[in-house]
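>>> pasting the structure only:
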């Protein structure tokens, strides 16, 4: 049955409302009218109209650029959604592993990869020329900070420049990398428009922030609602149609900048609240009050409170970094983000606070100093049950202990060896040591930094003379012993 075409004039301010009135859910798009660009005789308009039809029929080809902790799960989700997917990455070793059905991310299984590779639904490549043959390009590259804590968009810029070389009319380009409001409109769009193709006329541009939670089986990529902002009403409709077929729910917003701000807001909320509870820990300690007991009791209040927990510092790519994207952007508007910056300072200071606790515990209990002490770090991943070490506070703690003369080793069943990093170059190459009783007795102290489920903490407590617990894992597992100190 031929579907009717509804023409929308982009100059009409009522266009957005008109789009929304076409239906509340794109899950029923197959049975409702489709949108088309204003000039139906334009080749670009016909191409984008065809794109929407291809998405509806799941005939669209999707490219995911950047096959890391965000890109690879997204590629698998898009494939599960019925699309053929090409994964692009500059790391030839990663590409070779994926095409051999070998995953380097714990929550993407080899069996899942093998199924899609065998069905020729997914393949990986380093050749950006593959962009020319796809209908939608989803960009999932890193957005780190410089040494001066300013946004480093070099990965985004270089990726978009490569995409631009192969851009053609009728394609949808979506940035998923976390960034400050204005990046997609002010940086990505001009780079793509150097080709003489125009956003909204020749290609479609959107922003949809990633919301990955590695290691959380309850919230896989397909189960997390997807926020979407776009450069035009039509781009929003097409992007939303694509993601509706990949994830359980989409959340359209009014602009690219709003979608970019949503991601920053989510992580700044967490960063500020973690900083608050970290500061409360420092305040309560000399009063003899256990912050963990306070939080557990406080969270019994059924309204007006949300539990956050202290720790040895922040890790992962999002929470330690995203707030500084907004502080940098705010300066351009003459605004000082005092609360956000203070929260960053508190969280950044926590590894030093833990190091001071270790020193005090060694001195008070055993009359030892850190100089010459043998220290075991338990867990270097930034969170439990994953192999992701990005921005892990364990590395800064190792550096601080080493600077004070300690000999430091680590045990982490998820991280057998520390791979090369831009930061902490002296730590790369370290390998996880065994956790046998005879080995544990050689250390002056063990420091629990990451509370993996598959670590025998009772064995550690029984064999190490001192255990400094930054995650309250011993109390949670009812391991009571006089040699355990909370930090």
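Now that the structure is in, tell me what you want to look at. Keep in mind that what you see is a predicted model, and the values were worked out from it rather than measured. Numbers count the residues shown, from 1 in each chain.
>>> going forward, measure contacts and count neighbours with C-alpha atoms only.
Fine.
>>> Please, where are all the strands along the stretch 151-300 of the chain?
Listed in chain order, the strands of the stretch 151-300 of the chain (DSSP state E, counting those that start in this stretch) span 172-175, 204-207, 226-230, 250-252.
>>> So what's the gap between the shortest one and the chain middle?
Going by C-alpha atoms, centre = their mean, to the nearest Å, the spacing between the C-alpha centre of strand 250-252 and its chain's C-alpha centre is 19 Å.
>>> what sits up against that strand?
Strand 250-252 has contacts (C-alpha atoms under 8 Å, 6 or more residues apart in numbering) with 225-229, 236, 240, 243-244.
>>> That one pairs with which strands, parallel or anti?
Using DSSP bridges, strand 250-252 pairs in its sheet with strand 226-230 (parallel).
>>> Report the rounded mean pLDDT for the strand it pairs with.
Average pLDDT, strand 226-230: 98.
>>> just how off-centre is that strand within its chain?
Mean-position distance between strand 226-230 and its chain equals 16 Å (C-alpha atoms, centre = their mean).
>>> ditto for stretch 82-100
Counting by C-alpha atoms, centre = their mean, stretch 82-100 is centred 19 Å from the centre of its parent chain.
>>> Which secondary structure state is assigned to residue 455?
Local secondary structure at residue 455 is given as coil here, using DSSP: H, G, I helix; E, B strand; the rest coil.
>>> What distance do you get for it to residue 482?
Remark: distance between residue 455 and residue 482 (C-alpha to C-alpha, to the nearest Å) = 20 Å.
>>> And residue 187, by the same measure?
Distance from residue 187 to residue 482, counting by C-alpha to C-alpha: 57 Å.
>>> Same check on residue 162?
Distance of residue 162 to residue 482, given as C-alpha to C-alpha: 59 Å.
>>> now the end-to-end length of stretch 476-487.
This stretch, stretch 476-487, spans 15 Å end to end (C-alpha to C-alpha).
>>> So what touches it?
311-312, 353-354, 357, 361, 458, 461, 465-472, 474.
>>> likewise stretch 336-343?
The contact list for stretch 336-343, computed with C-alpha under 8 Å, 6+ apart, reads 268, 271-272, 275-276, 323-324, 327, 330.
>>> more neighbours, residue 187 and residue 482?
Legend: neighbour count by other C-alpha atoms under 10 Å for residue 187 and residue 482, higher for residue 187 (14 against 9).
>>> Skipping its backbone neighbours, what lies nearest that one in space?
Sequence neighbours aside, residue 157 is the residue nearest to residue 187 in space, at 7.7 Å (criterion: C-alpha to C-alpha, 6 or more residues apart in numbering).
>>> mind giving me the domain ranges of this protein?
Domain assignment of the chain by automatic domain parsing yields the ranges 5-257, 270-486.
>>> and those domains, which one is worst for confidence?
In terms of average pLDDT, domain 5-257 trails the rest of those, at a mean of 86.
>>> chain center to it, what's the gap?
Domain 5-257 sits 16 Å away from the centroid of its parent chain (C-alpha atoms, centre = their mean).
>>> show me what contacts the nearest residue to residue 164 once chain neighbours are set aside?
Nearest in space to residue 164, with sequence neighbours left out and distances taken as C-alpha to C-alpha, 6+ apart, is residue 192 at 5.2 Å. Residues near residue 192 by C-alpha under 8 Å, 6+ apart: 160-161, 163-164, 167, 198.
>>> rewinding a little: what residues are up against the residue nearest to residue 187?
187-188, 191.
>>> and residue 200, what does it touch?
231-232, 234-235.
>>> just curious, which of those is nearest to residue 347?
Of all the contacts of residue 200, residue 231 has the smallest distance to residue 347: 35.7 Å, by C-alpha to C-alpha.
>>> So what's the residue count around the nearest residue to that closest one once chain neighbours are set aside?
The shortest distance from residue 231 to any non-neighbouring residue, by C-alpha to C-alpha, 6+ apart, is to residue 205 (5.6 Å). Residues lying near residue 205 (other C-alpha under 10 Å) number 29.
>>> next one: residue 99
By the criterion of other C-alpha under 10 Å, residue 99 has 19 neighbours.
>>> shouldn't it be in contact with residue 123?
Yes - contact criterion C-alpha atoms under 8 Å: residue 99 and residue 123 qualify, at 6.0 Å.
>>> Need the overlap of contacts for the two.
residue 117.
>>> List the contacts of residue 358.
Residues near residue 358 by C-alpha under 8 Å, 6+ apart: 445, 468.
>>> ok, it to residue 227 distance?
Residue 358 is 43 Å from residue 227, by C-alpha to C-alpha.
>>> likewise residue 271?
20 Å.
>>> and stretch 365-382, how far out from the chain's middle?
Worked out by C-alpha atoms, centre = their mean, stretch 365-382 lies 30 Å from the chain centre.
>>> With stretch 461-478 instead?
How far stretch 461-478 lies from its chain's middle: 29 Å, per C-alpha atoms, centre = their mean.
>>> From start to finish, how long is it in a straight line?
Start to finish, the residues bounding stretch 461-478 are 12 Å apart (C-alpha to C-alpha).
>>> Show me which residues of it are buried.
Across stretch 461-478, burial judged by 16 or more other C-alpha atoms under 10 Å covers 461-474.
>>> before we move on, what about stretch 365-384?
When burial is assessed from 16+ other C-alpha under 10 Å, stretch 365-384 yields the following buried residues: 369-370, 373-384.
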